[in-house]
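1. no sequence on this one, just coordinates:
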């Protein structure tokens, strides 16, 4: 049943993505509303997929690449919905976020989906706490990167005095910068809690809070990048272009951490080892 809900959510997300592209092209309010409410339906189906898989497996669905990528897409959509509620005038952000969420679902659909017994190290209450918080933080960082891309596009239009297509479609630089900042203010504490809970879990499982596992190392690199960005924003007053670019640097670090380190560099967090 969980796979049926997953497939339905994937299809509905794809339809919502098309809807947001239509809105990006036409700027018609009905296209915006249609895309957003389609997204809400997809999010509901996606939530059912995660909940039913949890029930069928008997443990949180956060233990392999299929589950983690699906949950990451869910966290990204959740972060977008929350930001949309805060900034009602930035529905166009969906045209930049939903393609990423849909691609993550596509990637997840290509991964092995078997429910296998958990190894002893994963049979812990720390699993849903550490993994879920970390994955949701990634969703907000992707949102920060998306708003950063939009900022750079809009800034380029203004500097070149091309106040046409993109300029009319994108929010103001101030709004985009506020979205970027808010995404960081939510994502960074979540990442911090994720790292701390992971360290506590590691101590209970292996007797050491930190072992410089490849995933731990890249998580620390990510944390330092976003800590530097948030510090420069709050203490130095960074705004705009610099913050947008550093958000993209953090996004690249996340891609390396999630897709390369998790898959190809041996360590305690390597997904193939969890079920190997």
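-> The structure has been received and is ready for your questions. Predicted, not measured: the structure shown is a model, and the values here were computed from it.

2. most distant residue from the middle of this protein?
-> residue 161 (33.1 Å; Cα atoms, centre = their mean).

3. Specify the local secondary structure of that one.
-> coil (DSSP: H, G, I helix; E, B strand; the rest coil).

4. heads up, I number from 58, so please use that
-> Got it, the first residue is 58 from now on, which makes the last one we talked about residue 218.

5. What does the pLDDT read for it?
-> Per-residue pLDDT puts residue 218 at 71.

6. With residue 58 instead?
-> 87.

7. leaving aside the residues next to it on the chain, what's closest to it?
-> Excluding its sequence neighbours, the residue lying closest to residue 58 (Cβ to Cβ, 6 or more residues apart in numbering) is residue 109, at 5.0 Å. Where C-beta positions appear, they are placed from N, C-alpha and C, glycine not excepted.

8. Roughly how far does the residue farthest from the centre of the chain sit from residue 180?
-> Taking Cβ to Cβ, to the nearest Å as the criterion, residue 218 is separated from residue 180 by 61 Å.

9. Can you get me a residue count around residue 176?
-> If you count neighbours by other Cβ atoms under 10 Å, residue 176 ends up with 12.

10. Next: residue 135.
-> Neighbour number of residue 135 under other Cβ under 10 Å is 17.

11. Who are the contact partners of the residue nearest to it when sequence neighbours are not counted?
-> Excluding its sequence neighbours, the residue lying closest to residue 135 (Cβ to Cβ, 6+ apart) is residue 196, at 6.5 Å. By Cβ atoms under 8 Å, 6 or more residues apart in numbering, the residues touching residue 196 are 129, 132-136, 244.

12. Check the spacing between residue 196 and residue 295 real quick.
-> In terms of Cβ to Cβ, residue 196 sits 23 Å off from residue 295.

13. Test my guess that residue 133 contacts residue 159.
-> No. The pair residue 133 and residue 159 fails to qualify as a contact (Cβ atoms under 8 Å) at a distance of 10.1 Å.

14. Can you say which helix or strand has the closest residue in space to residue 163 that isn't next to it in sequence in it?
-> Take residue 163 and drop its neighbours on the chain: the residue closest to it by Cβ to Cβ, 6+ apart is residue 67, 7.2 Å away. Assessed by DSSP states H and E, residue 67 sits inside helix 59-83.

15. Can you name the element that comes right after that helix?
-> Using DSSP H and E, the helix or strand that follows helix 59-83 in sequence is helix 86-114.

16. chain center to that following helix, what's the gap?
-> 16 Å (Cα atoms, centre = their mean, to the nearest Å).

17. in it, what counts as buried?
-> For helix 86-114, the buried set under the neighbour-count rule, 16 or more other Cβ atoms under 10 Å, comprises 88-89, 91-93, 95-96, 99-100, 102-103, 105-107, 109-111, 114.

18. quick check: mean pLDDT across it?
-> Computed over helix 86-114, the average pLDDT equals 95.

19. Surely residue 236 and residue 150 touch.
-> Yes. Using Cβ under 8 Å, residue 236 is in contact with residue 150, at 7.1 Å.

20. Cool, thanks, signing off.
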